[in-house]
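Trainee: how would this look folded up:
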Amino acid sequence: MPDERRQFAILYRGFLLRIIDPELLSARGDARNLLGQLGALLAAFSFVLAIVLIPRYTASVLPRERLLRAALGHEEFLIATSIATAGLFAVLAWNSMLLDRRDRFVLGMLPIHTRTIFAAKLAAMGTALAVGVIAVNTFTGLTFPFAASVPDSGPLGAVRSLAAYWITMFAAGLFMFCALLALQGLAAQLLPYRLFLRVSGFLQLGAFFAVLGIYFLTPAPTKQNLLAWLPSFWFLGLFQELNGPLDPIFGRLAIRAAVSLLVAGALGFGLYALAYYRHVRQALEQPDIAPGDRSQPLGRLGRFLVMKGISRPLERAIFLFVSRTIARSRQHRLLLAVYGGLGLAIALAYAKSSFRTGWDKPNVQFLAATAVLLFFSVVGLRAIFALPLALAANWIFRITAVHSPNAYFTAIRKCLLALGAGPPLVCSAILLFAIWPVRPVFEHLAILTAAAFLLVDLFLYRFRKLPFACSYLPGGGNLKLKFGAYGIGLVFLADLATHIEFWALHRFTRFATLLALLVAAAVWAYRRRAAVAGSPYTPLQFMDLPPADIFALDFRRDSEWIGGEQYLDISTPLS
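Mentor: Alright, predicted model coming up:
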């Protein structure tokens, strides 16, 4: 067996490649490629920020003192970006921070000290955190400090500003990571193992929404009492003290940043170490999450609503399968939360700007916020439909496929409408009815409902899979190139569409015309999707195959249709 130093190196490399939950990847997924794509996205974001921010300082004619004070807002934004990056990394690596049962069974059979495993895990997390902070500050960290250096300080001042910038960014990222590490360690210490497994997923989702919410909704520091509650301003004070203070208030903020970093670091490391050794033992001694008790009142109420609301057994079965899979699978919940969190953050940013224009009357910002929530909810649910869960168990769908494929496609469409479009529509209705007059709310909900049907039918066009029951091949699109274009396009379209809707809400004839156009588009999308779904040459798909380099003349199809099938919902054989 290799010595302890060699064991550490092997474990460190393995843990580093699995820092993102490996169950989020398919069998053919490459963790190194995923981490490279994430790093490229962060570096691209830093490049855009550098292009936007630096010319404002190099071409400015303001006096140096005033320019440095004007730069405080940008400095706080860059620090908040590093904090958010560290927080999102901690959320994505949440399930990989502690050893799971499989890791413990494998490593427990080997002559490896627990301290070696613990040190390798901690070193892998620290390396990934440092890479994330460096990536998101790649270009801004090499340009912005020189623009923010103290006047008349010469080359030494520029070097001091550069060092202050990077020390501050690493300290801010480490603070956020240690805070979330302490949260997970505290939960693991206080809760029994099986209860911790249940609560951990909700803590993960809550941390994700909290990180994004704070990042997008941080208010401008118009009042000094806000500075004491926002970590990004604490570390802004630390940067100013290291770079050269502009105001005495930054000294108090720097002290708060240093104290909070020490406390978070001590709690995070201490609670994580205790939870690690306790979790390792309990992962072997206790079973995983037990089945939920279906006799609870909420469970009975949910089953009653499903039984009364969905009459066809096939549609009821698929709806229950989809909803329970989302409720029980932490990977699918996390990916759905990523889409929902992005949508909620953008919606809150829109809503935040509406408080300056009057939130208690129809405004473009609230219209855009509800539209963005609807879009991300539908897109997120449709995205996780394609990701498998226990793929080897999809044989049960194959041998029980006694209904025509169109019956399954219809049930999937109803699931996407109920679970993807339903919640944002209900939440929007409750909020808008509470603050707006009745008529514009009804009109906006009618437009949102038509848009929901349009989105669902567009996203299900040529969708031939059962949710969570088909293999998944990553890399269908170039994420590095398309992500930014899609994001910019979405914001542009949402802004343009809501301005058109706001203009239409002022007159009933305009509203009726806009609604008629949306309904016509929804009917067209429905008919196009139904034509493909109802074709006998559109079978259910259970295996996602990569495109072939050479195409052979092969008339076989996935789940091959031979023309002699007889389904329960079709009385005569297909011909």
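Trainee: can you pull the buried residues of the helix or strand encompassing Gly14?
Mentor: Here Gly14 sits within helix 4-17, counting by DSSP states H and E. Neighbour-count burial for helix 4-17 flags Gln7, Phe8, Leu11, Tyr12, Phe15, Leu16, Leu17 (criterion: 16 or more other C-beta atoms under 10 Å). In short, each C-beta sits where N, CA and C put it, glycine included.
Trainee: same question for stretch 206-216.
Mentor: For stretch 206-216, by 16+ other C-beta under 10 Å, it's Ala207, Phe208, Val211, Leu212, Ile214, Tyr215, Phe216.
Trainee: same question for that stretch, mean pLDDT?
Mentor: Across stretch 206-216, pLDDT averages out at 82.
Trainee: now it, how far from the chain's geometric center?
Mentor: Counting by C-alpha atoms, centre = their mean, to the nearest Å, stretch 206-216 is centred 10 Å from the centre of its parent chain.
Trainee: circling back to that earlier point, CA atoms only for the helix holding Gly14, dumped as PDB, please.
Mentor: C-alpha atoms of helix 4-17 as PDB (Å, rounded to 0.1, in the frame of the first residue of the first chain):
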ATOM      1  CA  GLU A   4       0.000   8.300   3.800                       C
ATOM      2  CA  ARG A   5       1.300  11.100   1.700                       C
ATOM      3  CA  ARG A   6       0.600   9.100  -1.500                       C
ATOM      4  CA  GLN A   7      -2.900   8.200  -0.100                       C
ATOM      5  CA  PHE A   8      -3.600  11.900   0.500                       C
ATOM      6  CA  ALA A   9      -2.600  12.800  -3.100                       C
ATOM      7  CA  ILE A  10      -4.900  10.100  -4.600                       C
ATOM      8  CA  LEU A  11      -7.800  11.000  -2.400                       C
ATOM      9  CA  TYR A  12      -7.300  14.700  -3.000                       C
ATOM     10  CA  ARG A  13      -7.400  14.200  -6.800                       C
ATOM     11  CA  GLY A  14     -10.500  12.000  -6.600                       C
ATOM     12  CA  PHE A  15     -12.400  14.300  -4.200                       C
ATOM     13  CA  LEU A  16     -11.500  17.400  -6.300                       C
ATOM     14  CA  LEU A  17     -13.000  15.800  -9.400                       C
END
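Trainee: what strand or helix carries the residue sitting nearest the centre point of the chain?
Mentor: Centroid check for the chain by C-alpha atoms, centre = their mean gives Val338 as the closest residue, at 1.4 Å. Assessed by DSSP H and E, Val338 sits inside helix 330-354.
Trainee: quick one: the nearest residue in space to Val131 that is not next to it in sequence from Leu518, how far?
Mentor: The shortest distance from Val131 to any non-neighbouring residue, by C-beta to C-beta, 6 or more residues apart in numbering, is to Gly39 (6.5 Å). Distance, Gly39 to Leu518, using C-beta to C-beta, to the nearest Å: 41 Å.
Trainee: repeat for Glu501
Mentor: Note on Glu501: its distance to Leu518, by C-beta to C-beta, is 10 Å.
Trainee: anything in contact with each of the two?
Mentor: Both Glu501 and Leu518 are in contact with Ile447, where contact means C-beta atoms under 8 Å, 6 or more residues apart in numbering.
Trainee: what's the local residue count around Val310?
Mentor: Val isn't right for residue 310; it's Ile. Ile310: 19 surrounding residues under other C-beta atoms under 10 Å.
Trainee: what secondary structure does the residue nearest to it when sequence neighbours are not counted sit in?
Mentor: In space, and not counting its chain neighbours, Ile310 is closest to Arg316: 4.3 Å by C-beta to C-beta, 6+ apart. State at Arg316, reduced to three classes by DSSP: H, G, I helix; E, B strand; the rest coil: helix.
Trainee: and Leu540, what are its phi and psi?
Mentor: Per-residue torsions, Leu540: phi -70, psi 140 (degrees, to the nearest 10).
Trainee: quick one, what contacts it?
Mentor: Contacts for Leu540 were tallied using C-beta under 8 Å, 6+ apart; they are Phe397, Ala401, Pro405, Tyr408, Arg464, Lys465, Leu466, Ser559.
Trainee: show me which of these are buried.
Mentor: Phe397, Ala401, Pro405, Tyr408, Arg464, Lys465, Leu466.
Trainee: in contact with the fourth one, which residues?
Mentor: The contact partners of Tyr408, taken as C-beta under 8 Å, 6+ apart, are Leu314, Ile318, Ala401, Leu466, Leu540.
Trainee: so the residue nearest to the centre of the chain touches Val211, yeah?
Mentor: No - under the criterion of C-beta atoms under 8 Å, Val338 makes no contact with Val211, lying 11.6 Å away.
Trainee: ok, now how distant is the residue nearest to Ile310 from Trp395?
Mentor: Per C-beta to C-beta, Arg316 is found 22 Å from Trp395.
Trainee: these two: which is more packed in?
Mentor: Arg316 (16 against 11).
Trainee: just confirm the more buried one contacts Lys414, I think it does.
Mentor: No - Arg316 is not in contact with Lys414 according to C-beta under 8 Å; the separation is 10.1 Å.
Trainee: which neighbours do these two have in common?
Mentor: Ile310.
Trainee: ok, the residue lying closest to Ser377 once chain neighbours are set aside - contacts?
Mentor: Distances taken as C-beta to C-beta, 6+ apart put Pro424 closest to Ser377, at 4.8 Å, once the chain neighbours are dropped. By C-beta under 8 Å, 6+ apart, the residues touching Pro424 are Thr370, Leu373, Leu374, Ser377.
Trainee: mind listing which of those residues are in helices?
Mentor: With helices taken from DSSP state H, the overlap with these comprises Thr370, Leu373, Leu374, Ser377.
Trainee: show me what counts as buried in the helix or strand in which Ala44 is found.
Mentor: Take DSSP H and E as the rule and Ala44 turns out to sit in helix 31-58. Buried residues in helix 31-58, counted by 16+ other C-beta under 10 Å: 34-35, 37-39, 41-46, 49-50, 53-54, 57.
Trainee: likewise stretch 450-469?
Mentor: 450-460, 463-469.
Trainee: tell me which of the residues you listed fall in helices.
Mentor: Those of the buried residues of stretch 450-469 lying in helices (DSSP H): Ala450, Ala451, Ala452, Phe453, Leu454, Leu455, Val456, Asp457, Leu458, Phe459.
Trainee: show me the shaky parts of the stretch 401-550 of the chain.
Mentor: 472-491, 545-550 (pLDDT under 70).
Trainee: swap in 80 and give it another go.
Mentor: For the stretch 401-550 of the chain, the stretches flagged by pLDDT under 80 are 401-402, 471-495, 536-537, 543-550.
Trainee: going along the chain, name the helices of it.
Mentor: 405-415, 422-435, 438-459, 479-504, 508-533 (DSSP state H, counting those that start in this stretch).
Trainee: so the first one versus helix 508-533, what angle?
Mentor: With axes from the mean of the first three to the mean of the last three C-alpha atoms, to 10 degrees defining the directions, helix 405-415 sits at 140 degrees from helix 508-533.
Trainee: over to the second one?
Mentor: Inter-element angle recorded for helix 422-435 and helix 508-533: 170 degrees (by the same axes, to 10 degrees).
Trainee: buried stuff in helix 422-435?
Mentor: For helix 422-435, using 16+ other C-beta under 10 Å, the buried residues are Pro424, Leu425, Ser428, Ala429, Leu432.
Trainee: can you list these in CSV and add distance to Val523?
Mentor: Converted to CSV, the buried residues of helix 422-435 look like this (distance: C-beta to C-beta, whole Å):
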residue, distance to Val523
Pro424, 22
Leu425, 19
Ser428, 23
Ala429, 23
Leu432, 26
